[in-house]
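Peer 1: Give me a model of this one.
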Amino acid sequence: MKKDTHPEYRDVVFEDVSTNNKFIIGSTVRTRATISIEGVEYPYYKIEVSSESHPFYTGAKNKIMDTAGRVEKFNQRFGKYQRNQAQS
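Peer 2: Alright, predicted model coming up:
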């Protein structure tokens, strides 16, 4: 490999802030924070979603949103434009 063309690859501690789960993975992410785990100093990076908290991996069901009200509101606002164009 050429020098200075690739980012530094090293072990980084990622923390899922929603579950407080920490895991160590090799990464090229740039961080300023560090954390000590078992006496070893690692770069530290916070994330909002990981396999510990993502609904796809945890099996959580998606929320069902009531969109009927939104569609009716849209049709009330802009339905008249569609009717006028259909008559032309």
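
Peer 1: for stretch 32-39, which positions count as buried?
Peer 2: Applying a neighbour-count criterion of 16 or more other CB atoms under 10 Å, one finds residue 35 buried in stretch 32-39. Bear in mind the C-beta positions are built from the backbone N, C-alpha and C, glycine included.

Peer 1: Going by residue numbers, what spans are strands in the chain?
Peer 2: Remark: strands assigned in the chain by DSSP state E are 10-16, 21-27, 34-37, 40-47.

Peer 1: So which of these has the densest surroundings on average?
Peer 2: Stretch with highest mean neighbour count among the strands of the chain: strand 10-16 (a mean of 17; mean count of other CB atoms under 10 Å).

Peer 1: Now do that strand against strand 21-27, angle only.
Peer 2: 150 degrees (axes from the mean of the first three to the mean of the last three CA atoms, to 10 degrees).

Peer 1: name the helices or strands packed onto strand 10-16?
Peer 2: strand 21-27, strand 40-47 (3 or more CB pairs under 8 Å, 6 or more residues apart in numbering; DSSP states H and E).
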